[in-house]
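**Student:** got a predicted structure here, sequence first:
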Amino acid sequence: MVASDMLHSNNNTHVPPPDHPVINPKNYDDLLTVVSAIRAQVDVPLEAEIGIICGSGLGVIGDQVENPIVIPYSKIPGFPVTNVPGHKGNLLFGTIAGKKVVCMQGRFHPYEHQMNTALCALPVRVMHQFGIKTMIVSNAAGGINKNFQYGDLMLIKDHIFLPGLAGHSPLIGLKDPRYGRLFTSLHDAYNKDLRNLAIAVANAKKMRLFEGVFVMSGGPQYESPAEVNMFKTVGADALGMSTCHEVIVARQCGITCLGFSLITNIANLNVENSVEVSHAEVLETAKEAGERASSFVCDIIANM
Ligand SMILES: O=P(O)(O)O[C@@H]1C[C@H](O)[C@@H](CO)O1
Ligand SMILES: Nc1nc2[nH]cnc2c(=O)[nH]1
């Protein structure tokens, strides 16, 4: 086993104390307590207009934040922590291209937290409390579309949220009206104007950029070839283990979303010549493509 494949022997520097209790994500007052705890960490007012979520190995996007205030997740009472290699576990406040941003340098995956998608999407609600109106979300994904190559970027135009369809929606059980509409519409989950802006930016940079449908499975195992074929049949172009629950919560909060996948591996479609998929490979591709992805995000923000 490669070191970076080991889930609990990781490169995170912020290991939480063992008694780090996590809040109830379905209690709105608990959310406000977390927000107050974050505000209490610094003596300057914290606010942001754009939220960013960095996918596996894409923490380099966070390195673009200027004059960052860095708050480790482990220092935020009630906040979950991540143990997945390639996710640093910091909340950053600062600017990109003169715009105020808050960046999650590392996310929470439902497979790490007993499929508690509401808890994993909690940071989106936190970022909303700090004022974000727009969210840029990224992930590392396996490519299904036959045109994809390692390191390609795919704008997410729509999603298939398999855990959500199977009863793991982050909106289940929310009773407090302050959360917003329970029956959230996903008709424009990945905003068309923002996608058009991203396409214009990619064209100006002469970058390869695709648009496609992202499917989220529960993980943490990668998909079997038969499963990949099933997802291909229903119209998916790329496969991951995150993002959909975050975007759903963002839409409930009224946040406009832009999402993209970095194609870190090619998903196996043929059982007879399938190859091993590993998180080490995912991180390796993300490392190679990270600078391109972060420059793309910065240019989008500059043009917003
Ligand atoms: O945080 P993301 O969704 O980018 O992470 C992907 C999905 C799994 O956590 C991991 C698999 O290699 O990368
Ligand atoms: N589900 C899933 N997530 C990924 N993240 C990076 N690659 C993959 C993949 O092939 N499948």
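**Tutor:** Ah, there it is. Ligands and ions are numbered 1, 2, ... in the order given.
**Student:** count the neighbours of the residue in the chain positioned nearest to ligand 2 for me.
**Tutor:** Distances between the chain and ligand 2 by Cβ to the nearest ligand atom are smallest at Gly142, namely 2.2 Å. Just so you know, the C-beta spots here come from the backbone N, C-alpha and C atoms, and that holds for glycine as well. Applying other Cβ atoms under 10 Å, we find 24 residues neighbouring Gly142.
**Student:** I figured it hits Asn265, correct?
**Tutor:** Yes. Taking contacts as Cβ atoms under 8 Å, Gly142 lies within contact range of Asn265: 5.1 Å.
**Student:** which neighbours do the two share?
**Tutor:** Val277 (Cβ atoms under 8 Å, 6 or more residues apart in numbering).
**Student:** tell me who's in contact with the closest residue to Gly78 other than its chain neighbours.
**Tutor:** Once flanking residues are discounted, Gly78 sits nearest to Ile23: 3.7 Å by Cβ to Cβ, 6 or more residues apart in numbering. Residues near Ile23 by Cβ under 8 Å, 6+ apart: 30-31, 33-34, 78-79, 122.
**Student:** would you reformat those residues as JSON lines and include distance to Pro220, neighbour count and pLDDT?
**Tutor:** Shown next, in JSON lines, are those (distance: Cβ to Cβ, whole Å; neighbours: other Cβ atoms under 10 Å; pLDDT from 0 to 100):
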{"residue": "Asp30", "distance to Pro220": "27", "neighbour count": "15", "pLDDT": "96"}
{"residue": "Leu31", "distance to Pro220": "27", "neighbour count": "22", "pLDDT": "97"}
{"residue": "Thr33", "distance to Pro220": "30", "neighbour count": "14", "pLDDT": "95"}
{"residue": "Val34", "distance to Pro220": "26", "neighbour count": "21", "pLDDT": "96"}
{"residue": "Gly78", "distance to Pro220": "24", "neighbour count": "17", "pLDDT": "91"}
{"residue": "Phe79", "distance to Pro220": "21", "neighbour count": "24", "pLDDT": "92"}
{"residue": "Leu122", "distance to Pro220": "20", "neighbour count": "27", "pLDDT": "97"}
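**Student:** closest one to ligand 1 out of the residues you listed, please.
**Tutor:** Among those, Leu122 lies closest to ligand 1 (Cβ to the nearest ligand atom), at 15.4 Å.
**Student:** isn't Met216 up against Asp158?
**Tutor:** No. Using Cβ under 8 Å, Met216 makes no contact with Asp158, being 11.9 Å away.
**Student:** higher neighbour count, the two?
**Tutor:** Met216 (28 against 18).
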